[in-house]
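A.B. asks: Sequence first, then the predicted structure, then my questions.
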Amino acid sequence: MTSPPVPGTGSTQGAQATESTQGTPFDALPSPLDAVPELRAAARWMIGAFGAVGAALVGGGPLVAVGKVHGLDEALVAGAALLVVLAGVSLAVWQVSRVLVPPLTTTATLASPALRGLRQMIDAAPADFFGATATGVDDLLRHRVVAAKVQRMLAVEADPARRELLRQHLARARANVARTDPFVRWLLAMAHVWQIRAALHTARRWCLLAVLLVAAGAVAFLTVTGGDSAAGKGAATGTAGTNAGVAVRHHTAP
């Protein structure tokens, strides 16, 4: 009695599965996961920098404003400016802190839009990444799909002859899975780093917006709190000029 053909478990795959497991072309290079500490260190530095700016402006702002803000209008403008600064700092810290959250990386994650660039790069030159093991990401992962399918068929099969044939197919599928495992592990490590890298790039773009908010809030706040001193200087200059004029007329009077 014959059973339906099981994809991915033919004689070619069986012959390949009997070969000894080979390492990936990148075994001599550092693991992609080695880049994770550096990426997160950069994120921590950015959080510290924005935190220091926020502490300096928001913490010291009220002390600077004492005696220099007059009236409800100026107080509202100064308060709104400090809120804009705080919003910019909070936005930057929130976005950058997402880099520190470990992403969940599985074979299903490889189909997410965030990893589209990685898949396109690999599928454009699969031999550079997988050698002769696979022709692309989907081809590399299909052995796991085949093994799971055969396992399900074996679980519900009652005929002894068909069960024995399915066991043979399952053995070939598992051998193919073992043969591709080093490449899958490397691919998952690369996908993990790729997600952190993408999160850091996104955070940098948000940080540009945060810098604009902080700068706008700081300029507005300094304009309000510095207007009194500028007016004071102008008044002092005018008074000094008037006094000098009076003194000149006094000395030149007959």
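C.D. replies: Right, received. Where do you want to start?

A.B. asks: residue ranges with poor pLDDT in the stretch 101-250 of the chain?
C.D. replies: 227-250 (pLDDT under 70).

A.B. asks: That one: helices as residue ranges?
C.D. replies: 116-124, 126-130, 137-156, 160-252 (DSSP state H, counting those that start in this stretch).

A.B. asks: got the angle between the last one and helix 116-124?
C.D. replies: With axes from the mean of the first three to the mean of the last three Cα atoms, to 10 degrees defining the directions, helix 160-252 sits at 130 degrees from helix 116-124.

A.B. asks: list the helices and strands helix 160-252 packs on?
C.D. replies: helix 11-17, helix 36-54, helix 60-65, helix 71-97, helix 116-124, helix 137-156 (3 or more Cβ pairs under 8 Å, 6 or more residues apart in numbering; DSSP states H and E). Quick note: C-beta positions are derived from backbone N, CA and C, even for glycine.

A.B. asks: Can I get the helices of the stretch 101-250 of the chain in TSV including distance to Ser90 and mean neighbour count?
C.D. replies: Below are the helices of the stretch 101-250 of the chain laid out as TSV (distance: least, Cβ to Cβ, whole Å; neighbours: other Cβ atoms under 10 Å):
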stretch	distance to Ser90	mean neighbour count
helix 116-124	30	14
helix 126-130	41	16
helix 137-156	38	17
helix 160-252	8	16
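
A.B. asks: Nearest to Thr105, out of those helices?
C.D. replies: In terms of Cβ to Cβ, the element of the helices of the stretch 101-250 of the chain nearest to Thr105 is helix 160-252, at 4.3 Å.

A.B. asks: Now do that closest one: distance to the chain's middle.
C.D. replies: Distance of helix 160-252 from the chain centroid (Cα atoms, centre = their mean, to the nearest Å) equals 11 Å.

A.B. asks: Tell me which residue is most central in this structure.
C.D. replies: Ala199 (1.0 Å; Cα atoms, centre = their mean).

A.B. asks: show me what contacts the residue nearest to that residue when sequence neighbours are not counted?
C.D. replies: Among residues not flanking Ala199 along the chain, Val99 sits closest, at 4.8 Å (Cβ to Cβ, 6 or more residues apart in numbering). Val99 makes contact with 39-40, 43, 196, 199-200, 203, according to Cβ atoms under 8 Å, 6 or more residues apart in numbering.
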